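# Structure for this input, please:
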Amino acid sequence: MSPAGIFDAHHPPSQQLADDCVHCGFCLPTCPTYVLWGQEADSPRGRIYLMKAGLEDRAEWDEPFQRHFDTCLGCMACVTACPSGVQYDRLIEATRPQVERHGQRSIGDRLFRQLIFSLFPYPNRLRAMSAPLGVYQRTGLQRLMRSLGLTKLLPERVAAMERLLPTLSSRTDDVPERLNATGERRRRVGLLLGCVQRVFFSHVNHATARVLAAEGCEVHAPKDQQCCGALMMHAGREAEAMAAARHTIDVFDRAGVEQIVINAAGCGSAMKDYGILLRDDPAYADRAKAFSAKCVDVSELLAELEPRAPRQPLRMTVAYHDACHLQHAQRIKQAPRTVLQTIPGLELKEIPESEICCGSAGIYNLLETEAASALRDRKVANILQTGADVVASGNPGCMMQIQSGMETRERAVRSIHTIELLDASIRGSRV
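Numbering: from 1, shown residues only. A predicted model of the protein is given here:
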């Protein structure tokens, strides 16, 4: 295969898919960057126009060209909104690796990105880092730093990492490798533990395992699982994503489970695309397709199973936040609502502009801090309009992003995972 314009020959964006766009503009109101800036080149159809310019050799790899792709959150809201069925998801996923191979970045940008990918996909490294961070929080140093405004003296991206830091628990243990089903077994499932989820939100994994077991699932959580590759895949770091995908497939194939349950929307989106990611690998192509077909979001599985475990009332108002990689990339919108509606006493509230991203988008809120903050504040304002007691979502990145925006508000709404509500209802405990 010969190169396509300025793109190299390794899976450039498809000319055929790009030609499907008729530039109707239905995507514009749902595109976060277009909503913020109103610039055509920072809209889905504008970025498709730039892809076509690259394919036709009418562009060059300069900073402005690359910048329009870097500022795309990859939220896929445009895919949901498009009446013509344009596969922008496939187009941007093909373009990002090209940007990584050919684009120009400053030394500082490259070093910061390398820091992220040398840390976040590795749970053991995150655990090592969480110890001093826990001391930073528990001693009150974090409150002091913030109250004195000292965090504003940090480099912008480092300050963004500090703002996103969730309240750390001393408990970071994994769920048991095997948890038996309560009563008659209905499914034999594997549970993805994740990276950030495994360390900073281990309580969510424990809640997920308990709920699955209570609903008749035998849960297997292999200890040797690592990063699923989602962060790398969505950032265009193709080789690293492929290596992570192969390892994940091997681990869960050895476990012999019927389905792989995921409680992080970004991870689920990536794992359901392993068949595309590994399509050129003769040893994994067919295995990847079969593996992806077994991947389900936890809300997807629970909505399918007839509720078995008794629910105790939770008398509270909950605003449900649609994670982009759940509602747009995986097309799962009703399932989490169905699950929450099984809880007696719970009142569910819809959030205005639910189709627009909160600004988390993988590592976007660390790289594009200004845009991410503007989207976060917009989302938080919409959540507060609902008057809800808590906001629930199915993605750890969204949970951290929304919570960071609540900290400066007079009325803060706690951000939790959807599964935590169901777990509390089944156990008869407080949220």
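# Partner strands of the one helix or strand residue 190 maps to, with direction?
If you go by DSSP states H and E, residue 190 is part of strand 187-191. Paired neighbours of strand 187-191 in the sheet (DSSP bridges): strand 217-220 (parallel), strand 259-262 (parallel).
# What sits closest to residue 60 if chain neighbours are left out?
Distances taken as Cβ to Cβ, 6 or more residues apart in numbering place residue 6 nearest to residue 60, at 6.3 Å, with adjacent residues excluded. Quick note: C-beta positions are derived from backbone N, CA and C, even for glycine.
# Any idea how many residues pack against the one you found?
Neighbour count for residue 6, taken as other Cβ atoms under 10 Å: 18.
# swap in residue 428?
11.
# Just give me the neighbour total for the residue nearest to it when sequence neighbours are not counted.
Of all residues not flanking residue 428 in the chain, residue 312 sits nearest, at 4.1 Å (Cβ to Cβ, 6+ apart). By the criterion of other Cβ under 10 Å, residue 312 has 13 neighbours.
# distance of residue 312 from residue 299?
Noted for residue 312: a distance of 20 Å to residue 299, by Cβ to Cβ, to the nearest Å.
# which residues touch the closest residue to residue 363 other than its chain neighbours?
Leaving aside its sequence neighbours, residue 363 sits nearest to residue 116 (Cβ to Cβ, 6+ apart; 5.6 Å). Counting by Cβ atoms under 8 Å, 6 or more residues apart in numbering, residue 116 touches 231, 363, 366.
# Where does residue 116 sit: helix, strand or coil?
Under the three-state scheme (DSSP: H, G, I helix; E, B strand; the rest coil), residue 116 adopts helix.
# ok, which stretches of the stretch 51-200 of the chain are helices?
Along the stretch 51-200 of the chain, the segments classed as helices by DSSP state H, counting those that start in this stretch run 63-70, 77-81, 88-102, 107-119, 123-138, 141-147, 156-164, 196-200.
# Let me fix that, I meant to ask about the stretch 301-431 of the chain.
Remark: helices assigned in the stretch 301-431 of the chain by DSSP H, counting those that start in this stretch are 324-327, 334-340, 364-367, 369-385, 396-406, 418-427.
# Could I get the CA-only coordinates of the last one as CSV?
What follows is helix 418-427 as a C-alpha-only set of coordinates in CSV (Å, rounded to 0.1, in the frame of the first residue of the first chain):
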residue,chain,number,x,y,z
THR,A,418,-23.6,3.9,39.5
ILE,A,419,-22.7,0.5,40.9
GLU,A,420,-22.1,2.0,44.4
LEU,A,421,-25.8,2.9,44.6
LEU,A,422,-27.0,-0.6,43.6
ASP,A,423,-24.5,-2.2,46.1
ALA,A,424,-25.8,0.1,48.9
SER,A,425,-29.3,-0.9,48.1
ILE,A,426,-28.6,-4.6,48.0
ARG,A,427,-26.6,-4.5,51.3
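# name the helices or strands packed onto that helix?
Under the contact criterion of 3 or more Cβ pairs under 8 Å, 6 or more residues apart in numbering; DSSP states H and E, helix 418-427 touches helix 202-214, helix 298-304, helix 334-340, strand 390-393.
# who touches it?
Contact with helix 418-427 is made by 203-204, 207-208, 210-211, 214, 263, 298-299, 302, 309-314, 318, 320, 336, 339-340, 342-344, 346, 390, 392-394, 429-431, as judged by Cβ under 8 Å, 6+ apart.
# Can you flag the buried ones in the residues you listed?
204, 207-208, 210-211, 214, 263, 298-299, 302, 309, 311, 314, 318, 320, 336, 339-340, 343, 346, 390, 392-394 (16 or more other Cβ atoms under 10 Å).
# ok, now how distant is the closest residue to residue 105 other than its chain neighbours from residue 98?
Among residues not flanking residue 105 along the chain, residue 113 sits closest, at 7.6 Å (Cβ to Cβ, 6+ apart). Separation of residue 113 from residue 98 (Cβ to Cβ) stands at 16 Å.
# just residue 77 next, same as before
In terms of Cβ to Cβ, residue 77 sits 23 Å off from residue 98.
# next one: residue 286
27 Å.
# what does residue 311 give?
Distance from residue 311 to residue 98, by Cβ to Cβ: 49 Å.
# From the opening residue of stretch 23-30 to its closing one, how far?
One end of stretch 23-30 sits 14 Å from the other (Cα to Cα, to the nearest Å).
# before we move on, what about stretch 398-412?
By Cα to Cα, the extent of stretch 398-412 from end to end equals 16 Å.
# how far does it sit from the chain's center?
18 Å (Cα atoms, centre = their mean, to the nearest Å).
# Buried ones in that stretch, by neighbour count?
Per 16+ other Cβ under 10 Å, stretch 398-412 contains these buried residues: 398-406.
# Next: stretch 37-57.
Buried, per 16+ other Cβ under 10 Å, within stretch 37-57: 41-55.
# CA atoms of it as PDB?
Taking Å, rounded to 0.1, in the frame of the first residue of the first chain, the C-alpha atoms of stretch 37-57 are listed here in PDB:
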ATOM      1  CA  TRP A  37     -15.000  28.200  20.400                       C
ATOM      2  CA  GLY A  38     -17.400  28.200  17.400                       C
ATOM      3  CA  GLN A  39     -14.500  27.500  15.000                       C
ATOM      4  CA  GLU A  40     -15.200  25.300  11.900                       C
ATOM      5  CA  ALA A  41     -11.800  23.600  12.000                       C
ATOM      6  CA  ASP A  42     -12.600  22.500  15.600                       C
ATOM      7  CA  SER A  43     -15.800  20.700  14.600                       C
ATOM      8  CA  PRO A  44     -16.200  17.100  13.400                       C
ATOM      9  CA  ARG A  45     -16.900  18.200   9.800                       C
ATOM     10  CA  GLY A  46     -14.000  20.600   9.900                       C
ATOM     11  CA  ARG A  47     -11.600  17.900  11.100                       C
ATOM     12  CA  ILE A  48     -12.900  15.600   8.400                       C
ATOM     13  CA  TYR A  49     -12.200  18.400   5.900                       C
ATOM     14  CA  LEU A  50      -8.600  18.500   7.200                       C
ATOM     15  CA  MET A  51      -8.300  14.700   6.900                       C
ATOM     16  CA  LYS A  52      -9.400  14.900   3.300                       C
ATOM     17  CA  ALA A  53      -6.900  17.700   2.700                       C
ATOM     18  CA  GLY A  54      -4.200  15.500   4.200                       C
ATOM     19  CA  LEU A  55      -5.300  12.600   2.000                       C
ATOM     20  CA  GLU A  56      -5.200  14.700  -1.100                       C
ATOM     21  CA  ASP A  57      -1.800  16.200  -0.200                       C
END
